[in-house]
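Visitor: please work out how this folds:
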Amino acid sequence: MAKFFMTLKGTTMIQRALAAFAVIALTIATVSAAQQRALPSIPQSLSLDDAVELAVRFNPGYRQFINDRGPARWAVRNAYGDFLPSVSASGGLGYSGSGAQTFAAQQFVQPSGTISSSYSLGLNWQLSGSTLMQPRLRKAQLNAAEAAEAGSRIGLRSLVAQQYLTVRQANEQVALADVQLKRSEEGYRLARARFDVGQGTILDVRQAEVARGQAEVGVLQAKNAVTVEKLRLFQQLGVPAPDDPSVVTLSDSFPIVQPTWELPTLLASAQAENPDLGALRAQESASRAGERAAKSSWFPTLSFSAGWAGYTQQYTNSDFLVTSARTEADANYQACLVQNQINTAVGITPLNCALFQFTTTQEQQIRDRNTSFPFNFTKQPFSARLTLSLPIFVQFSRPTQVSQAGAQTEDARERVRARELQVRTDVSQAYYGLQTAFQTVQIQQNNRAAGQEQLRLATERYRVGSGTFLELTDAQLVAQRAETEYVRAVYDYHRAIAALEAAVGRTLR
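Guide: The predicted structure is shown next:
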């Protein structure tokens with residue numbers, strides 16, 4: 001019965017241990033899952049602002065720029081922390097067994113093992129030219145990281161807007177494909193009706209059937225293009241696409257208005273607000289700070305250090321200490337007795353040899369002194385040191401570092417100047433492109449109206465027997481091409497505005 005109880009008890013303990021392990025594992029998994037960013041569901045009606053907000057929160061590329069700001073902020077704190085002393089503490093335990101050791105032909109015997117403990121507390125402080133320059137350098141690097149993040153945000157908005165417009169254009173293409181399908185079906189009905197009354201040929205009917213089939217294929221391809229472009233939009237947002245992308249509709253529409261912006265104003269705004277240009281200027285500032293930090297290596301370095309320490313050492317066997325003390329006391333007692341015999345012989349007052357006898361009190365004192373482990377420390381003397389050092393010759397390493405830092409500063413300045421020229425070119429190009437796109441919309445709108453009128457006339461002519469089916473087909477193709485070019489012109493106009501906003505560095509509407 002006892003054996004069975006012990007086995008049952010052991011099994012219960014194992015089960016409890018496994019249950020505890022399972023709880024710990026589940027807790028770790030839950031915490032890990034909580035630390036991951038939860039991805040939201042896509043709203044069924046998605047505006048451009050909503051899409052940009054989702055991209056800012058979840059786009060992986062943009063999140064990397066966000067992550068870079070954390071180390072840059074800590075670098076600033078660390079630069080100021082360098083003005084404070086560093087404090088270090090350490091402690092240890094030791095054991096040494098009994099035995100004999102030989103050193104320089106001498107043998108040392110340790111009759112008992114020893115246990116020991118120690119502690120040390122150190123304080124170190126250093127001040128140099130590099131320490132003085134680090135806060136300014138780290139601040140400049142933080143500004144550069146924040147400027148890079150701002151530039152990435154504007155670029156991300158431009159990319160999302162471009163893809164948003166692409167999806168809208170694909171939807172317009174579906175509408176055009178549906179219109180073309182209806183026209184093809186109308187053409188087929190007309191061709192069939194004329195054939196039934198003997199005014200048309202079977203060739204017209206077959207040609208109409210082919211046109212209708214091609215229109216059906218066009219509708220399928222246009223709808224598939226919408227799905228593909230939506231998937232790319234979701235990828236741009238950094239969120240998984242729903243199983244059926246068609247449940248998400250894009251709610252924003254964009255009117256066509258005549259551009260009223262003036263080029264000089266846009267150029268001035270871009271020079272002041274373009275985030276990429278701001279990021280390069282911040283990098284130039286960081287390079288200048290790095291150059292000053294390199295030059296500070298010529299300054300002396302002031303160092304201060306201080307330390308506190310203590311130790312304990314205790315024999316694991318106190319008996320040999322008591323034995324040694326008793327042996328020594330007995331030897332002194334015997335020597336005292338011999339000395340008293342001599343003193344008595346020559347008439348000198350004898351010594352009190354009882355003082356040399358080993359007592360239990362002395363034994364207890366010896367044992368009490370051997371109880372210092374682990375916290376009855378013997379303190380070491382306090383130590384402190386103040387040092388001023390000035391490197392005089394370091395194999396031209398400092399001039400090399402200063403020269404490299406200066407070259408990096410000049411390179412950063414040239415990158416800023418090159419970017420200023422690039423921004424001016426981009427803004428001007430986008431401005432003139434927008435003007436051209438707006439005029440193209442007006443022309444394509446007239447072409448679309450003319451194509452629709454031509455199709456109406458060709459349809460009426462074919463219905464009354466004055467025209468041929470070939471004329472009707474040509475008119476349908478012309479109308480379809482004109483409508484397609486109009487849609488393309490409209491979205492080229494909107495893309496031109498997005499390109500101008502990206503070049504300037506801010507939204508314009």
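Visitor: how near is residue 130 to residue 300?
Guide: Residue 130 sits 11 Å away from residue 300, going by CB to CB, to the nearest Å. C-beta coordinates here come from the backbone N, C-alpha and C atoms, glycine included.
Visitor: neighbour count for the two, which is higher?
Guide: The residue with more neighbours, out of residue 130 and residue 300, is residue 130; 17 against 11, by other CB atoms under 10 Å.
Visitor: now do the contacts for the nearest residue to the more buried one once chain neighbours are set aside.
Guide: Leaving out its chain neighbours, the residue that sits closest to residue 130 by CB to CB, 6 or more residues apart in numbering is residue 296, at 5.3 Å. Going by CB atoms under 8 Å, 6 or more residues apart in numbering, residue 296 touches 128-130, 132-133.
Visitor: could you redo the last one with a cut-off of 6 Å?
Guide: Counting by CB atoms under 6 Å, 6 or more residues apart in numbering, residue 296 makes contact with 129-130, 133.
Visitor: with residue 388 instead?
Guide: Applying CB under 6 Å, 6+ apart, the residues near residue 388 are 300, 302.
Visitor: picking that back up, just the pLDDT for the residue nearest to residue 130.
Guide: Here, the pLDDT recorded for residue 296 equals 82.
Visitor: so where's this structure uncertain?
Guide: Scanning the chain for pLDDT under 70 picks out 1-41, 103-105.
Visitor: ok, 50 please
Guide: Counting by pLDDT under 50, the chain has low-confidence residues at 1-36.
Visitor: do you have the helices of it handy? List them.
Guide: 2-35, 48-58, 60-81, 129-196, 202-237, 263-273, 275-295, 319-346, 360-369, 397-464, 469-504 (DSSP state H).
Visitor: what are the contacting residues of stretch 212-228?
Guide: Here stretch 212-228 has contacts from 170-171, 173-174, 177, 180-181, 184-185, 188, 245, using CB under 6 Å, 6+ apart.
Visitor: redo that, cut-off 7 Å
Guide: Here stretch 212-228 makes contact (CB atoms under 7 Å, 6 or more residues apart in numbering) with 167, 170-171, 173-174, 177-178, 180-181, 184-185, 188, 245.
Visitor: give me the buried positions along it.
Guide: 212, 215, 218-219, 222-223, 225-226 (16 or more other CB atoms under 10 Å).
Visitor: out of the helices of the chain, nearest to residue 305?
Guide: Proximity to residue 305, assessed across the helices of the chain by CB to CB, is greatest for helix 129-196 (15.6 Å).
Visitor: so how far is that closest one off the chain centroid?
Guide: Put simply, helix 129-196 sits 25 Å off its chain's centre (CA atoms, centre = their mean, to the nearest Å).
Visitor: re the thing from before, and the residue nearest to residue 130, how far is that from residue 401?
Guide: 11 Å.
Visitor: likewise residue 189?
Guide: 84 Å.
Visitor: try residue 484
Guide: 62 Å.
Visitor: that older thread, more crowded one of residue 189 and residue 401?
Guide: residue 401 (17 against 12).
Visitor: ok, that one - contacts?
Guide: By CB under 7 Å, 6+ apart, residue 401 lies in contact with 294, 297.
Visitor: okay if I get the helices of the chain as a markdown table plus distance to residue 122?
Guide: What follows is those, written out as a markdown table (distance: least, CB to CB, whole Å):
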| stretch | distance to residue 122 |
| --- | --- |
| helix 2-35 | 36 |
| helix 48-58 | 46 |
| helix 60-81 | 17 |
| helix 129-196 | 19 |
| helix 202-237 | 53 |
| helix 263-273 | 51 |
| helix 275-295 | 27 |
| helix 319-346 | 34 |
| helix 360-369 | 29 |
| helix 397-464 | 29 |
| helix 469-504 | 55 |
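Visitor: of all the ones you listed, which one comes closest to residue 116?
Guide: Comparing these by CB to CB, helix 360-369 comes nearest, at 14.9 Å.
Visitor: could you list the buried residues of that closest one?
Guide: Residues of helix 360-369 classed as buried: 363, 366 (neighbour count, 16+ other CB under 10 Å).
Visitor: quick revisit: selecting buried members of the contacts of stretch 212-228 in ChimeraX, what would you type?
Guide: The buried subset of the contacts of stretch 212-228, as determined by 16+ other CB under 10 Å, is captured in ChimeraX by this line:
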select :167,170,171,173,174,177,180,181,184,188,245
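Visitor: nearest to residue 276, of the contacts of stretch 212-228?
Guide: Using CB to CB, those come closest to residue 276 at residue 167, 26.4 Å.
Visitor: for that closest one, what are its contacts?
Guide: Contacts of residue 167 (CB under 7 Å, 6+ apart): 226, 229-230, 233, 250.
Visitor: closest to residue 313 among those residues?
Guide: Looking across the contacts of residue 167 and measuring by CB to CB, the closest to residue 313 is residue 233, at 73.9 Å.
Visitor: residue contacts, the nearest residue to that closest one once chain neighbours are set aside?
Guide: Excluding the flanking residues, the one nearest residue 233 by CB to CB, 6+ apart is residue 163, at 4.7 Å. Neighbouring residues of residue 163 by CB under 7 Å, 6+ apart: 232-233, 236.
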